[in-house]
Each structure stands twice: as structure tokens, then as C-alpha cells.
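K.L.:
Give me a model of this one.
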Amino acid sequence: MAIGVLTKTFPPELVDQVIDEAQAREQRKRSLPARLTTYFALAMWLWREHGYEEVLRQLIDGLGWSGAGPQEADVAWSGSITKARARLGVEPLRLLFARVAGPVAQPGMPGCFWRGLRLTAIDGSTLDVPDSPQNRAEFDGPSNDAGPGAFPQVRLVVHAECGTKALLNACFDGYRTAETVLAGRLFDSFGPQMLVLADRNFLSWKLWRDAATTGAELLWRVSDSFTLPVFERLADGSYLSQLKPPRKKDGGPITVRIIEYTVTTRDEHGATTSELFCLATTLLDVDRWPIEEFPALYHERWRAETLLDAVKTDLRGGPDVLTRSQSPEGTRQEIWALFCLYQALADLVGDAARHHRVDPDRISFLRARNAARRSVPRIPADFPPSPAPTRP
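P.N.:
Below is the predicted model:
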């Protein structure tokens, strides 16, 4: 915490790299250069309840940059900050997230691995965005017979590490984009020695085929709409079945192992049995992958839902919409910044879990966010708001 969460996960050298790669570097000296504006986009989520000027003042007062004090925040009013954000654009924040996204857990960390496989999950949700004509046209939103919903929405899907809830990948698009389409954009973060969990919304022949091609093992819930014939009953009670392609020319059927179970809970009123859970997996060997461990294993998928809750509630502020950006470009910039800041806090949680050798799930995400707020004033005083000019 000595140098602050912002500069720990996003050191100035990295920020400069993504700005240059996105060709977003300012062409002349400005009071709000690209580097400072990038950190401002991140800081907006640390102080989401404050206006532009106050967020900038918190950032500048905390950083104590040489030659940049409260007077710089005084001359940067909301209009100039809005223009600085527009100059920066979306791409630096998207690239910044791509650089920092990835696993946090080290081998042996409690709650993060199962039989040598890193546990991960994919899950989806929606976010309300400000109701402007531009956002309506770009993102659309839910509607019914009475008309459109109160706000347009973006649909997002994340790939997360179950134990630490760190983001391995994320993407989003308009409300009408299906979660299965978005999930297909995340496969570059799948790989060997990984077990990917998913709910029943994601299972299809094509998505399963493409996900399995990455080398990752899969454990996905099956919806009631699937017909799964029993081809071979295995010794432990599971059975082999096949996922059939939509058309024969698409490819051949895919063999999967099917595990079915119910959960019974008992209290003073008696016993209650859950609905039938049906899971498909690439883990076919009954001796190496024992059936009795799968119910608790699949339950780990819920950690991805708690991740989304942390994004939508602890960082974003619950039912409040993204009130700052009326344009699609600004909205996209904010969402990538939201993912970036979330990842920085997941790094902080992972560091604490490694230091104390505890399950990361025992560490409060909200307390990590509050610690990040307190860390900003500790950033070194010689940290400049933009790179030093290059000597000819």
C-alpha cells in the first residue's frame, strides 16, 4: 500500500505504453495531459459519489505531483475534464485492462485450484447506462408492451478466477448481443490446466467445441432443452452422452460426461430437495475425477456472480446508473476503467491472501476499496502527471 493501488497495478510506464499504442498522446502541453486523464478515469470509480472537480482534487492532492497542486484542479473545471476524456478516448483504457487482466492465485492458494486445475468461471450481466439519444441508439435496452425501459443497457460477460475473483478477461456490447456471442470473445483467456465453469445459459455445441479447443477443461450446467441420450453408463453413476451439431455439415457430435444430482437440505421443518442439476464435463475419467466432488466444485461458479455484484454494487454504486457519460464513447471508457479498477483491487486482495496464507474469499472487497482510497495520498511526491519531455 506504500505507493498506492493506482500506481501499483498501473505504473506510469504502463500507462504511457497504452497511451502511445492508442496514439492518444497530447500534441501540446495541457493542464490535463493524457497520463493524468487516464488516472482520473480510474479515480472516478474510487470516488464515484463526487463530481469531476472533486475527483481531480482528490487525485492531485494525493499524488502531490511536482509542479501540480490544488491550483491545477481549480483551473480544470468540468467542461475541460470532459474534453480531456474525449481526447483520451476508449482505446487506452481497453488496452490497459488487457495488460493487467489475468490470474492472481499462486499454486497452493486455498480455494483457487482443484486437483491441479485452476478454477475459473464465465458469467454475464447487464449495466444501466445514462438515458441519452446516443446511448439509446448505440446500446438499446429492455422493453415491453408499455414501451422501452427506463435506461439503455450494455450486456457484459466476464471470465474470472474463482478463488480470487480476479478478471481474466471481459467484454461488453449492446443489450441485444447474446451472452453466448460475448462468451466466444473470451476464449483467448482459456487454456490448459484450467477448469472453466458456466451456467446453463452458455451451453451449445459450437460454444463447447470452440472452448474445448483451447485446451481448457469444461464443467457447464445443461438446460432442460437439451436431449442427452445415455450411450454408456459409467461405474460411478455418471454417463457418457453426446452434444449434437445443429447441422451435420457443421461437424461431428462431441462426447461429454454427464453428472446428475440433487441437493437435500434439512432444518427443523423437515427436508427439502432441490431441482435436478445436470452437468456436462470434458473430464471423462471417473477414477481421476471423482463424481462426489462435482456438486461442491460447481458451486464455485457462484463466485463469478459475487464478482459481478462487487462490480455493480461496491464499485458502481448499486442501482445508480453510470451518470457521468451521455455518449457511447464516454460510457465505454468508463466501463473499461471500472474493469481496470476492479482488477487493481483483486490484485490487492490476492496480495493480502498470499501474505496471510488464507482463502481470498475471506477478505472483504469493500474494505479493499476503502483501503485503496486511503492509499492515494501515499504516492511519491516525485511522480509526474505526464512523461518528461524528450531532449533533442
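K.L.:
who touches residue 148 in this structure?
P.N.:
Residue 148 makes contact with 136, 141-142, according to CB atoms under 8 Å, 6 or more residues apart in numbering. Heads up, the C-betas are built off the backbone N, CA and C, glycines and all.
K.L.:
Could you list which of those residues belong to helices?
P.N.:
Assignment to helices by DSSP state H places the following of these there: residue 136.
K.L.:
Weed out the non-buried ones from the contacts of residue 148.
P.N.:
The neighbour count (16 or more other CB atoms under 10 Å) marks 136, 141 as buried among the contacts of residue 148.
K.L.:
can I get the contacts of residue 148 in JSON lines with pLDDT and distance to residue 344?
P.N.:
Converted to JSON lines, the contacts of residue 148 look like this (pLDDT from 0 to 100; distance: CB to CB, whole Å):
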{"residue": "136", "pLDDT": "95", "distance to residue 344": "32"}
{"residue": "141", "pLDDT": "93", "distance to residue 344": "30"}
{"residue": "142", "pLDDT": "92", "distance to residue 344": "31"}
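K.L.:
and of the contacts of residue 148, the nearest to residue 299?
P.N.:
For residue 299, the closest of the contacts of residue 148 turns out to be residue 142, at 29.5 Å, with distances computed as CB to CB.
K.L.:
Am I right that the closest one is in contact with residue 175?
P.N.:
Yes. The pair formed by residue 142 and residue 175 meets the contact definition of CB atoms under 8 Å, at 6.7 Å.
K.L.:
Name the residues contacting each of these two.
P.N.:
By CB under 8 Å, 6+ apart, residue 142 and residue 175 have these common neighbours: residue 153.
K.L.:
Nearest to residue 341 among the contacts of residue 148?
P.N.:
Of all the contacts of residue 148, residue 341 sits closest to residue 141, with 24.8 Å by CB to CB.
K.L.:
List the contacts of that closest one.
P.N.:
If a contact means CB under 8 Å, 6+ apart, then residue 141 has 148-149, 151-153, 175 as its contacts.
K.L.:
Residue 307 now?
P.N.:
When contacts are taken as CB under 8 Å, 6+ apart, residue 307 is in contact with 123, 158, 160, 165, 167, 342.
K.L.:
For these, pick the one with the most neighbours.
P.N.:
Going through the contacts of residue 307 with other CB atoms under 10 Å as the criterion, the one with the most neighbours is residue 160, at 30 neighbours.
K.L.:
Would you mind measuring from that residue to residue 199?
P.N.:
Computed with CB to CB, to the nearest Å, the distance linking residue 160 and residue 199 is 13 Å.
K.L.:
and if you look at residue 311?
P.N.:
When CB to CB is the yardstick, residue 311 and residue 199 sit 17 Å from each other.
K.L.:
Show the model's pLDDT score for the residue lying closest to residue 150 once chain neighbours are set aside.
P.N.:
When the adjacent residues along the chain are set aside, residue 150 lies closest to residue 131, with 7.0 Å between them (CB to CB, 6 or more residues apart in numbering). You'll see residue 131 listed with a pLDDT of 92.
K.L.:
Also residue 244?
P.N.:
The predicted local distance difference test score for residue 244 is 93.
K.L.:
circling back to that earlier point, now do the shared contacts for residue 160 and residue 199.
P.N.:
Taking CB under 8 Å, 6+ apart as the contact definition, residue 160 and residue 199 share the neighbouring residues residue 123.
K.L.:
could you flag which of the contacts of residue 141 are buried?
P.N.:
The neighbour count (16+ other CB under 10 Å) marks 151-153, 175 as buried among those.
K.L.:
Redo the residues you listed as a markdown table? Include secondary structure, distance to residue 237 and pLDDT.
P.N.:
As requested, these are exported to a markdown table (DSSP: H, G, I helix; E, B strand; the rest coil; distance: CB to CB, whole Å; pLDDT from 0 to 100):
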| residue | secondary structure | distance to residue 237 | pLDDT |
| --- | --- | --- | --- |
| 151 | coil | 47 | 91 |
| 152 | coil | 47 | 94 |
| 153 | strand | 42 | 93 |
| 175 | coil | 41 | 96 |
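K.L.:
Who has more neighbours out of residue 311 and residue 199?
P.N.:
When neighbours are counted by other CB under 10 Å, residue 311 comes out ahead of the other of residue 311 and residue 199, with 24 against 19.
K.L.:
That one in helix, strand or coil?
P.N.:
Using DSSP: H, G, I helix; E, B strand; the rest coil, the secondary structure recorded for residue 311 is helix.
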